[in-house]
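> Quick one, fold the following:
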Amino acid sequence: MKDKKILVLFFIFFTGCFLISNEALAAWTQAKGHSYNQLSYSYYVSQNKYSTSTQGGGGAVYRVPSSKFTSTDVSFYTEYGVVDTVTIFTSFAYKQPKSDDTLKYSGEKGPSGIGDVDFGLRYNIVPNLFTVFGGKGLFSLQGTVTTPEFYDFGFPLSHLSNGDGHYSSKLELLSGWALGKGYLLCNLGYKYMWENNNIDIWDTNNPTLDRSQPYDYRYSDQVKFFLGGGYAVHPKVEVRGSLEYTKSIGNSYVSENLLNAYRTDYGGQAEATEKGIEPRNLLIKDTLGLEPEVITLGVGLAITTSPQTQLVLSLNQDVGGFETFFRTRNAGEGTTYGAAFVYMH
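Numbering: from 1, shown residues only. Model (predicted):
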């Protein structure tokens with residue numbers, strides 16, 4: 001492999017997951033003129049990955065060490081009830097990602113600044129559909145658009161960025177049930193990704209790279225499943241739990257220009273030969289992680305500090321899952337520690 005180290009970038013894709021508390025993921029809409037606001041601090045760390053890019057490329061998943069990646073984020077989420085059945089929302093974060101690779105090979109800690117920004121709308125399509133275990137259930141439809149326009153995106157084989165640099169849209173069916181002192185959430189969604197061909201920052205250590213050519217690539221579309229809930233163990237204390245499963249459908253793409261740069265300028269051919277895997281698959285599944293599959297478990301504690309405010313503490317952990325089905329693969333194993341202040345109006 002050449003002296004230039006290829007960065008393992010796919011951790012960034014998951015840094016924003018689970019920073020928002022369970023209630024913000026719920027199917028309920030805000031009453032007209034009311035809002036839900038959450039200011040969060042989180043610390044994400046990953047030092048291992050679940051990879052199928054091993055010797056021989058047989059497709060088996062192995063948990064292996066990787067370059068340490070961390071991200072310290074301060075995020076804000078807000079939603080507002082336009083009418084009783086329609087809620088609009090947005091979220092963004094100030095991010096400080098760091099990688100041991102960037103420190104070792106380029107002497108940089110990594111970028112800092114605003115990451116991806118979400119805009120969305122939730123519509124309560126069926127209020128009080130039926131009764132489950134004595135609680136009322138409802139369904140909502142939610143759409144979210146994510147834009148990467150608020151940060152510079154670096155050449156993917158050499159730079160960290162504050163996001164994956166892709167536009168995306170997500171459509172979700174949200175369901176929720178109020179169950180006595182608790183509630184249950186179950187969401188199913190589809191995330192569509194657009195190709196990335198806009199590179200703002202190039203590798204200054206590789207001046208021979210032809211910058212007049214497009215280096216398009218695309219993350220796979222994803223199916224997302226979320227199951228969560230909360231229970232009031234005290235009038236002012238609620239415990240929460242969650243499971244999220246992200247499954248790529250396998251339609252990722254890398255252009256010939258990006259593949260050739262990987263082969264000729266970043267040691268991809270040598271690495272692929274060493275591991276016995278076709279360079280394109282290694283680039284898709286390992287180096288850029290364009291087809292991730294991730295299972296994340298979460299626990300949380302919400303403390304009511306006043307009729308309108310809450311303090312939320314959370315811990316989320318990526319887990320391996322089962323051997324052949326419903327497991328994490330081609331993705332980092334990360335842990336997120338979070339604390340949030342919630343104001344409801």
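> What's the local residue count around A31?
The local packing of A31 (other Cβ atoms under 10 Å) involves 12 other residues. Heads up, the C-betas are built off the backbone N, CA and C, glycines and all.
> list the contacts for it?
Residues in contact with A31, defined by Cβ atoms under 8 Å, 6 or more residues apart in numbering, are G81, D84.
> distance of it from P214?
A31 sits 48 Å away from P214, going by Cβ to Cβ, to the nearest Å.
> next one: W177
W177 is 48 Å from P214, by Cβ to Cβ.
> Compare those two (neighbour count), which wins?
Between W177 and P214, counting by other Cβ under 10 Å, W177 is the more crowded of the two (21 against 13).
> Is that one in contact with L184, as I believe?
Yes: W177 is in contact with L184 according to Cβ atoms under 8 Å; the separation is 4.7 Å.
> Mind listing what's buried along stretch 321-338?
By neighbour count on 16 or more other Cβ atoms under 10 Å, the buried set for stretch 321-338 is G321, R327, T328, R329, N330, A331, G332, E333, G334, T336, G338.
> quick check: mean pLDDT across that stretch?
Average pLDDT, stretch 321-338: 91.
> Would you confirm that V239 contacts I303?
No: at 10.5 Å, V239 does not count as touching I303 under the criterion of Cβ under 8 Å.
> bridging residues for the nearest residue to C186 once chain neighbours are set aside?
Nearest non-adjacent residue to C186, counting by Cβ to Cβ, 6 or more residues apart in numbering: S175, 4.8 Å away. Beta bridges link S175 to F139, C186, judged by DSSP bridges.
> Between its first and last residues, what's the separation in stretch 157-176?
Using Cα to Cα, to the nearest Å, one end of stretch 157-176 lies 42 Å from the other.
> which parts of that stretch are buried?
157-168, 170, 172, 174-176.
> in the stretch 151-300 of the chain, which spans are helices?
Applying DSSP state H, counting those that start in this stretch to the stretch 151-300 of the chain gives helices spanning 256-265, 268-275, 279-282.
> oh, I was asking about the stretch 1-150 of the chain
So, for the stretch 1-150 of the chain - with DSSP H, counting those that start in this stretch - the helices run 100-105.
> what's P127 in contact with, if anything?
T85, L138.
> and with 10 Å instead?
If a contact means Cβ atoms under 10 Å, 6 or more residues apart in numbering, then P127 has A27, W28, T29, D84, T85, K136, G137, L138, F139, S140 as its contacts.
> In CSV: those, plus distance to L243, pLDDT and neighbour count.
Formatted as CSV, the contacts of P127 follow (distance: Cβ to Cβ, whole Å; pLDDT from 0 to 100; neighbours: other Cβ atoms under 10 Å):
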residue, distance to L243, pLDDT, neighbour count
A27, 17, 88, 25
W28, 20, 91, 18
T29, 24, 93, 25
D84, 30, 94, 14
T85, 28, 94, 16
K136, 23, 73, 14
G137, 19, 81, 20
L138, 21, 88, 20
F139, 20, 91, 16
S140, 20, 94, 23
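> Any chance of CSV for those, columns distance to T72?
Formatted as CSV, these follow (distance: Cβ to Cβ, whole Å):
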residue, distance to T72
A27, 31
W28, 31
T29, 32
D84, 38
T85, 37
K136, 40
G137, 38
L138, 36
F139, 36
S140, 32
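> correct me, but T287 touches D101?
No: T287 sits out of contact with D101 when judged by Cβ atoms under 10 Å, with a separation of 11.4 Å.
> quick one: low-confidence parts of the stretch 1-150 of the chain?
Within the stretch 1-150 of the chain, the ranges that satisfy pLDDT under 70 run 1-25, 55-58, 105-107, 128-135.
> quick one: the strands in the stretch 201-345 of the chain?
Here the stretch 201-345 of the chain has its strands, by DSSP state E, counting those that start in this stretch, at 217-218, 222-234, 237-248, 253-254, 293-306, 309-319, 331-344.
> among those strands, which is nearest I277?
Nearest to I277, of all these, is strand 253-254, at 14.1 Å by Cβ to Cβ.
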